[in-house]
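Novice: below are the sequence and a predicted model for it; my questions follow.
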Amino acid sequence: MSGRRLAQSMEYELDDIDRKLLNLLQENARYTALDLAEAVGVSDNTIHNRMERLEEAGVITGYTTTIDHEPTGLALYFHFTCTAAISDRSEVASQAATIPQVLEVVELMTGQKNLQLKAVGAEDEDITRIAEQLDDLRLEINNENLIRVERRLPLDFFEAGGQPDET
C-alpha cells in the first residue's frame with residue numbers, strides 16, 4: 001500500500017535497536033544486513049528478524065531510490081496546490097496520480113486547498129499539459145510554484161521517540 005495512514009490501529013513500540021536500524025536505513029536503504037549489524041552492534045540474523053518485524057508491523061513500507069530528475073532532462077520541478085470537492089477528493093487524487101510525470105499526490109484533511117501535487121517536466125509545455133489534465137479532473141489549481149531545491153531530511157528516531165535506553 002502506498003501512502004501514509006492517518007491512524008494506526010496498534011502502535012509499534014520501537015526499542016534502541018529498531019531506532020538505530022531505522023536511522024541507518026533512512027541514510028542508505030542499500031546497506032547490507034552485515035553493514036547494519038556491525039553499525040548497530042548485533043548479529044546480521046537479528047537485523048533480518050528486526051527488518052521482517054518492522055515490515056510486518058507496517059513501520060517499513062518499502063525501499064525507494066532518490067532520483068535527481070535534472071540529469072534525465074526533466075529539469076522543471078513543480079508544486080501544484082489544488083482544491084477538489086470533498087466528496088471527490090480521494091477519487092480525483094487517485095486519478096491525478098496516473099498523470100505522466102506526476103511524482104506525488106498528497107490529500108490534505110483540512111482547509112479548502114486539499115490536494116498537493118509534485119510534477120516534473122522538460123519544458124513549459126509539459127507543465128501546461130499537466131495543469132490541463134488536472135483541470136479535466138475538475139481540480140481548481142490554486143497555486144503553481146516552480147521549485148528550485150527540495151530537501152528531504154531523515155527523522156532521527158532517538159529525538160522523536162526518546163533517548164537510548166540506559167541499560
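Specialist: That came through fine. Residues are numbered from 1 along each chain as shown.
Novice: now do the same for L25: helix, strand or coil?
Specialist: Put simply, L25 is helix when judged by DSSP: H, G, I helix; E, B strand; the rest coil.
Novice: which segments of this structure make up each domain?
Specialist: 16-64, 70-146 (automatic domain parsing).
Novice: can you give me the end-to-end span of the shortest one?
Specialist: What it means is domain 16-64. 24 Å (CA to CA, to the nearest Å).
Novice: next: stretch 59-71.
Specialist: 32 Å.
Novice: how about stretch 70-87?
Specialist: Start-to-end, stretch 70-87 (CA to CA) is 37 Å.
Novice: what are the contacting residues of that stretch?
Specialist: Under the criterion CB atoms under 8 Å, 6 or more residues apart in numbering, residues 69, 92-93, 101, 112-124, 126-127, 130-131, 134, 137-147, 150 lie in contact with stretch 70-87. All C-beta atoms are positioned from the backbone trio N, CA, C, and that covers glycine.
Novice: what are the buried residues along it?
Specialist: Across stretch 70-87, burial judged by 16 or more other CB atoms under 10 Å covers L74, L76, Y77, F78, F80, T81, C82, T83, A84.
Novice: show me the residues you listed that map onto helices.
Specialist: Among the buried residues of stretch 70-87, no member is found in helices (DSSP state H).
Novice: turn those into TSV, columns for pLDDT and distance to V40.
Specialist: Below are these laid out as TSV (pLDDT from 0 to 100; distance: CB to CB, whole Å):
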residue	pLDDT	distance to V40
L74	94	37
L76	95	41
Y77	95	35
F78	96	40
F80	98	41
T81	98	41
C82	98	42
T83	97	46
A84	95	44
